[in-house]
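Engineer: here is a sequence with its predicted model. Questions after.
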Number of protein chains: 2
Amino acid sequence: MDEQPRISDAEWEIMKVIWAKSPATSADVIHTLRDNKTWKDNTIKTLLSRLLQKGILTYEQVNRVYYYSPVLTEEECKRQERQSFLQRVYGGALKPMLVHFLKEEKLSSQEIDELKKILSEKEK
Amino acid sequence: MDEQPRISDAEWEIMKVIWAKSPATSADVIHTLRDNKTWKDNTIKTLLSRLLQKGILTYEQVNRVYYYSPVLTEEECKRQERQSFLQRVYGGALKPMLVHFLKEEKLSSQEIDELKKILSEKEK
DNA sequence: AAACAACGACTACAAATGTAATCGAGAGAG
DNA sequence: CTCTCTCGATTACATTTGTAGTCGTTGTTT
């Protein structure tokens, strides 16, 4: 369980596509992002290479083309990102962070009920 | 309300001290951090300068010495950081992020009750 | 007065990041 | 068989970040 290098902002965009569609080719990623991003194709290819180098992606080659897959699950990477955010901004203090989020953001009644249910589960 | 430049990881450490003790001198920050950090004094001074350049800190000079103060409150900066984290990792989806945090982290019964209370407040 | 200590300014430099262009090798078109 | 297209590899380059050293000035100590 050695340290994964950090996934940068731009790299997260790529990873989201890969998690959704893996195994995916660079062309897949490029097409998927074409609408939301102004990146040049080469930029996306560079990001894919870096993710390979960092060991965050693997690939399987079929006739000249790489099919990229994530090494870790989206959940695992999100977990690491949550930890790092919690530590950096709140010094690891979970409750104050949650209070801020809960107080400041909008939630539907249904969402609120779901969250309350999760809290009740934990309490047991 | 123009964009503040991002506050880097190392800079957050400095900012936490400033928010706690502002106005603070570089010596104040250095002394405060001496126990937790292995940074050389000059490293801290560099970070303070960068925070000034970025407009995240201001200063008032009294006899050769700068007294640094934050431009924005800790709450405001944390808010921005929460938004950026939520956007980057969860594409802005609040509830899934909360569910992850709630399910995965430890909370005391008392904290759980407090959170439930906040949720009930919101529901009204 | 001379030496020194401390401050902010300036300089240094490697690694990471954002953003992309170019290059060599095959795959397909004609 | 030659031309073009595409793919990953390599190269490019400015900015940000982590981490610190040096320099000129001024306040302090001997």
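Structural biologist: Here it is on my side, so go on. Please read all numbers here as calculations on a predicted model, not as lab measurements.
Engineer: how about the residues of chain A by chain B?
Structural biologist: Applying CB under 8 Å from any CB of the partner chain, one finds that chain A approaches chain B through A:9, A:12, A:16, A:75, A:78-79, A:81-82, A:85, A:88-91, A:94-95, A:97-107, A:109, A:111-116, A:118-120, A:122-123. For every residue, glycine as well, the C-beta is placed using N, CA and C.
Engineer: residue A:10 and residue B:88: what is the separation?
Structural biologist: Distance, residue A:10 to residue B:88, by CB to CB, to the nearest Å: 10 Å.
Engineer: and chain A, what are its domains?
Structural biologist: Domain assignment for chain A by the TED database gives A:1-92, A:93-123.
Engineer: turn the ones you listed into TSV, including distance to residue B:52, mean pLDDT and mean neighbour count.
Structural biologist: Listed next are the domains of chain A as TSV, based on distance: least, CB to CB, whole Å; pLDDT from 0 to 100; neighbours: other CB atoms under 10 Å in any protein chain shown:
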stretch	distance to residue B:52	mean pLDDT	mean neighbour count
domain A:1-92	21	95	15
domain A:93-123	27	95	15
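Engineer: so residue A:60, which of the three states?
Structural biologist: Here residue A:60 is recorded as strand under DSSP: H, G, I helix; E, B strand; the rest coil.
Engineer: got the contact list for it?
Structural biologist: When the contact criterion is CB atoms under 8 Å, 6 or more residues apart in numbering or on different chains, the partners of residue A:60 are A:23, A:66-67, A:69.
Engineer: mind redoing it with 10 Å?
Structural biologist: Contacts for residue A:60 were tallied using CB atoms under 10 Å, 6 or more residues apart in numbering or on different chains; they are A:23, A:66-69.
Engineer: now those as a markdown table including secondary structure and distance to residue A:43?
Structural biologist: As requested, the contacts of residue A:60 are exported to a markdown table (DSSP: H, G, I helix; E, B strand; the rest coil; distance: CB to CB, whole Å):
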| residue | secondary structure | distance to residue A:43 |
| --- | --- | --- |
| A:23 | coil | 21 |
| A:66 | strand | 17 |
| A:67 | strand | 20 |
| A:68 | strand | 16 |
| A:69 | strand | 21 |
